[in-house]
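Trainee: Show me the folded form of this:
(chains A, B, C and D)
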There are 2 protein chains.
Amino acid sequence: MSSCSVSAPKTPADFRSAAEVFKALGNPNRLLLLDALGQGERCVADLTSLVGLDISTVSNHLSVLRKIGMVKDERRGTQVFYSLRKACLSNLFCCLDEFQACDE
Amino acid sequence: MSSCSVSAPKTPADFRSAAEVFKALGNPNRLLLLDALGQGERCVADLTSLVGLDISTVSNHLSVLRKIGMVKDERRGTQVFYSLRKACLSNLFCCLDEFQACDE
DNA sequence: TTTGAATTTTGCAAAGTTTCAAAATAAGGC
DNA sequence: GCCTTATTTTGAAACTTTGCAAAATTCAAA
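Mentor: Presented below is the predicted three-dimensional model:
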């Protein structure tokens, strides 16, 4: 059990994993990929024609998203299908919209 | 008035501004700065001793956060005080926690 | 088992980020 | 006006990210 509610002085290390997630989301092409996956699973070739980059580049973006647990992949024959792994991802987008709409 | 609810095919450009916000949050030192500012306004020197970087580096991080509207600054004498500009920023962190806790 | 299709990995170049140090700016007190 | 303090800007070095192309891998089908 981790010691909770003890507000020790924080260090950059305490924010490393949060920063990893935000950094993965900090690229327009990856956000477009996530948006497309919001409609359901897609194979790499389909995602590639969607974003208009080299397929190897798309494969790399997808692996960034997979490493932080945002998407999962499933091979079926020669194709690999990607899909969103976290239902609550859409919440993050919601909050971002709120953040950007907020003028305070 | 912008055309709403017309789900046109999206492009990377549609996600540029969202990506800018996420990218700004994608650095542990900046998250630590934001966390500190959650307690209230702080001058640059105080924030500098907190994160343990050169003051010029901290000033740069703060300007990244200011450019995307995350913090505001106010000069009082020779000091500049920074504070959070968006109340809903804490929501974003909440959602992140949810995201990371979520195992689906 | 060789071929073909889909994807990933590797190598590389260009562009961007992070950091410190030094120079520049801003504001207040003498 | 000159000096001190606080901050920002600029410049340079190290490193990371992004992207393409070519080579390697994976799998199915002929």
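Trainee: Tell me the residues on chain A that lie near DNA strand C, please.
Mentor: Neighbours of DNA strand C within chain A, by Cβ under 7 Å from any atom of the strand: A:43-45, A:48, A:55-56, A:59-60, A:62-63, A:73, A:78-80. All C-beta spots, glycine's among them, are computed from the backbone N, C-alpha and C.
Trainee: Pull out the buried residues from those.
Mentor: A:C43, A:V44, A:T48, A:L62, A:D73 (16 or more other Cβ atoms under 10 Å in any protein chain shown).
Trainee: which residues sit against the host helix or strand of A:N60?
Mentor: Using DSSP states H and E, A:N60 sits in helix A:55-67. For helix A:55-67, contacts defined as Cβ atoms under 8 Å, 6 or more residues apart in numbering or on different chains pick out A:24, A:27, A:29-30, A:33-34, A:44-45, A:47-48, A:51, A:53, A:71-73, A:82.
Trainee: Just to be sure, which of those residues are found in strands?
Mentor: The strands, defined by DSSP state E, take in A:V71, A:K72, A:D73, A:Y82 from the contacts of helix A:55-67.
Trainee: Just the buried residues of the residues you listed.
Mentor: Of those, these count as buried by 16+ other Cβ under 10 Å: A:V71, A:D73, A:Y82.
Trainee: Report the separation between the nearest residue in space to the first one that is not next to it in sequence and A:R85.
Mentor: What that stands for is A:V71. Computed as Cβ to Cβ, 6 or more residues apart in numbering or on different chains, the closest residue to A:V71 that is not its neighbour in sequence is A:L65, at 4.6 Å. A:L65 sits 9 Å away from A:R85, going by Cβ to Cβ, to the nearest Å.
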